[in-house]
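Visitor: Return a 3D structure for these sequence lines:
(one chain, ligands or ions: 1)
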Amino acid sequence: MSTPGGTHPTLEILLDRMWSDYVGLNPIARRIHQLLADRGESVVNDHIAFRTFDLPRVSIDVLAKPFIERGYAERGTYEFPEKKLVARHFEATEPGLPKIFISQIRVATLPRDAADLIARLLESVSDAHPSQPDFFVAGRLWPLSFGEYQRLAASSDYAAWVAAFGFRPNHFTVDVNALRTFGSLADLDAFIKQSGFALNASGGEIKGSPGELLEQSSTMANLIDVTFSDGTHRIPACYYEFARRYPGPDGRLYQGFIAASADKIFESTTRGQ
Ligand code: NI
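Guide: Below you'll find the predicted structure:
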């Protein structure tokens with residue numbers, strides 16, 4: 001048995017740490033979670049998403065390892081050519097646990113100065129670091145100036161996000177199927193907006209359709225003050241996502257992801273929206 005704070009914490013402890021880190025950066029998620037609880041809902045988490053670079057020391061393989069060791073297996077791969085991303089999703093064998101969605105940006109496809117900057121940032125990550133169980137709540141492990149963040153953002157919002165926030169959950173996702181007091185994702189979205197939160201409207205508020213077996217929407221990332229090496233600046237952090245799944249031909253709820261929808265969801269952290 002693992003003990004809290006031990007060298008091999010249980011999945012439950014890791015998930016708690018991820019949620020704490022995430023709501024610390026995204027208090028909107030805590031407020032929406034509370035609003036749902038106040039209606040008598042018990043919120044189930046559909047998936048947790050991580051972002052990284054495709055460099056060997058921090059690739060999807062590396063981030064997935066603690067989950068694989070705790071009973072997760074890969075169940076899908078996805079391509080996002082326009083955003084220069086690939087992603088994979090992992091499912092637990094045990095029911096009731098969130099899926100894990102990890103994407104990575106192809107650093108070599110970025111402009112040379114951006115790729116060089118990312119390689120330099122990664123020099124601060126030791127070989128031993130990614131094997132620590134808390135790696136995926138480690139946050140940013142390198143010094144970064146606001147000018148460097150802006151230079152990366154000019155090539156890729158995604159790369160700039162990872163550079164600014166490091167290794168930690170990008171979003172958690174409410175399992176809409178598990179809610180009892182909402183008949184549809186549109187009903188939930190209306191409630192979220194009435195409660196004063198903005199939704200990501202890129203590609204329409206609801207991405208996907210019953211025919212695609214998955215509908216998703218998300219809040220826009222909230223802006224938070226981030227300390228850079230040369231001062232503090234307000235930038236987009238994390239967002240909260242909502243997913244409703246439909247049964248496939250086998251009668252089971254579809255558990256995968258739709259690349260075209262996720263492509264728009266990624267824009268929830270785009271600046272200036
Ligand atoms: Ni997601």
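Visitor: could you pull out the strands for this structure?
Guide: Per DSSP state E, the chain carries strands over the ranges 45-53, 72-80, 85-92, 99-105, 171-175, 207-209, 214-218, 223-228, 231-236, 239-245.
Visitor: between the ones you listed, which gets nearest to F191?
Guide: strand 239-245 (10.2 Å; Cβ to Cβ). The C-beta positions use only the backbone N, C-alpha and C, and glycine is treated the same way.
Visitor: Give me the helices and strands touching the closest one, please.
Guide: Packing partners of strand 239-245 (3 or more Cβ pairs under 8 Å, 6 or more residues apart in numbering; DSSP states H and E): helix 27-38, strand 45-53, strand 171-175, helix 185-194, strand 214-218.
Visitor: so what's the nearest residue to I32 once chain neighbours are set aside bridging to?
Guide: If the residues on either side of it in the chain are set aside, I32 comes closest to Y240, at 5.7 Å by Cβ to Cβ, 6 or more residues apart in numbering. Applying DSSP bridges to Y240 yields these beta-bridge partners: F172.
Visitor: Quick check, Y240 in contact with L188.
Guide: No. Taking contacts as Cβ atoms under 8 Å, Y240 lies outside contact range of L188: 11.2 Å.
Visitor: residues shared between the contacts of those two?
Guide: By Cβ atoms under 8 Å, 6 or more residues apart in numbering, Y240 and L188 have these common neighbours: V174.
Visitor: For those two, indicate the residue with more neighbours.
Guide: Neighbour tally, Y240 and L188, criterion other Cβ atoms under 10 Å: the higher count belongs to Y240, 27 against 21.
Visitor: show me the contacts for that one.
Guide: So Y240 contacts N26, I28, A29, I32, H171, F172, T173, V174, S218, T219 (Cβ under 8 Å, 6+ apart).
Visitor: ok, the closest residue in space to the first one that isn't next to it in sequence to the ion distance?
Guide: If I follow you right, that is N26. Closest residue to N26 apart from its sequence neighbours, by Cβ to Cβ, 6+ apart: C238 at 3.8 Å. For C238, the distance to the ion equals 11 Å [Cβ to the ion, to the nearest Å].
Visitor: where does this structure dip in pLDDT?
Guide: Along the chain, segments meeting pLDDT under 70 span 1-7, 271-273.
Visitor: which bits of it sit near the ion?
Guide: A49, E241 (Cβ under 5 Å from the ion).
Visitor: Need the single longest helix in the chain, by residues.
Guide: helix 11-25 (DSSP state H).
Visitor: Could you list every helix and strand in contact with it?
Guide: Using 3+ Cβ pairs under 8 Å, 6+ apart, helix 11-25 sits against helix 27-38, strand 45-53, strand 171-175.
Visitor: As JSON lines, the ones you listed with mean neighbour count would be great.
Guide: Converted to JSON lines, the helices and strands packed on helix 11-25 look like this (neighbours: other Cβ atoms under 10 Å):
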{"stretch": "helix 27-38", "mean neighbour count": "16"}
{"stretch": "strand 45-53", "mean neighbour count": "22"}
{"stretch": "strand 171-175", "mean neighbour count": "23"}
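Visitor: Can you say which of the strands of the chain is nearest to T10?
Guide: strand 85-92 (12.6 Å).
Visitor: Just list what that closest one packs against, helices and strands only.
Guide: helix 60-68, strand 72-80, strand 99-105.
Visitor: roughly how far out does that strand sit from the chain middle?
Guide: Distance of strand 85-92 from the chain centroid (Cα atoms, centre = their mean, to the nearest Å) equals 11 Å.
Visitor: gap between P169 and the ion?
Guide: P169 is 10 Å from the ion, by Cβ to the ion.
Visitor: can you pull the contacts of the spatially closest residue to Q150 that is not a sequence neighbour?
Guide: Leaving aside its sequence neighbours, Q150 sits nearest to A160 (Cβ to Cβ, 6+ apart; 7.7 Å). Contacts for A160 (Cβ under 8 Å, 6+ apart) come out as Y149, Q150, L152, A153.
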